[in-house]
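Peer 1: test case, fold it:
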Amino acid sequence: MDELEEQIEIYESIIETNYEYWITENQLDIEKEDFRLKVDLTYRMRFQTFPVGDIDLEIRMDEICDEVGEAFLAQEASKQATVEADELRERFLKSVEIFLRQKSRAYEQRYPQNRRLKRKDISTIQRIDFITDVIDDKNSYVQIFDEMVEEGYFRLVEPGGHSKHDIFHVVEV
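Peer 2: Residues are numbered from 1 along each chain as shown. Okay, the predicted model is just below:
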């Protein structure tokens, strides 16, 4: 076996081992060729040479594979966090709608009062969803509410003596 074939074999072995470690074990939906392509491009950009043919192949390839694997893992974690945040926002909006519907029935409210709530009502909704295991974090709705106020989903109608008594109108989207 000549030196080039030996380096190709080492290269393939390193790619296979790192693909198994970073992608397969973490159950990421990434093809082996995509992993290989990213490793190759990163290697060539950093060291200005092809992996096969480089005398420092083994040392450098492991470093690059780890870097690429960590990047794919971080990217997947970021996607997952975004999906979970979107689902939580949707759950929050559904809970607000249920709350408004129940409140309008209990107090026989008509528009626009049936679309209004106080900041402290958000805490009540949050507490109910936390106790019934709909949400995992007992403070998640307050943060989402504040973000959605800034985005225009809720409009401040009347400031109260204390912020918990601020009255908001739910903007229909």
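Peer 1: what pLDDT does V173 get?
Peer 2: pLDDT for V173: 64.
Peer 1: tell me which stretches of the protein form helices.
Peer 2: 3-19, 32-47, 57-106, 119-131, 140-151 (DSSP state H).
Peer 1: using CSV, lay out these together with mean neighbour count.
Peer 2: Glycine gets a C-beta too; all of them are placed from N, C-alpha and C. Shown next, in CSV, are those (neighbours: other Cβ atoms under 10 Å):
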stretch, mean neighbour count
helix 3-19, 15
helix 32-47, 16
helix 57-106, 14
helix 119-131, 17
helix 140-151, 16
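Peer 1: make a markdown table out of the ones you listed and add distance to H169 and mean pLDDT.
Peer 2: Listed next are these as a markdown table, based on distance: least, Cβ to Cβ, whole Å; pLDDT from 0 to 100:
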| stretch | distance to H169 | mean pLDDT |
| --- | --- | --- |
| helix 3-19 | 53 | 92 |
| helix 32-47 | 48 | 96 |
| helix 57-106 | 11 | 93 |
| helix 119-131 | 13 | 89 |
| helix 140-151 | 11 | 90 |
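Peer 1: great, nothing more from me.
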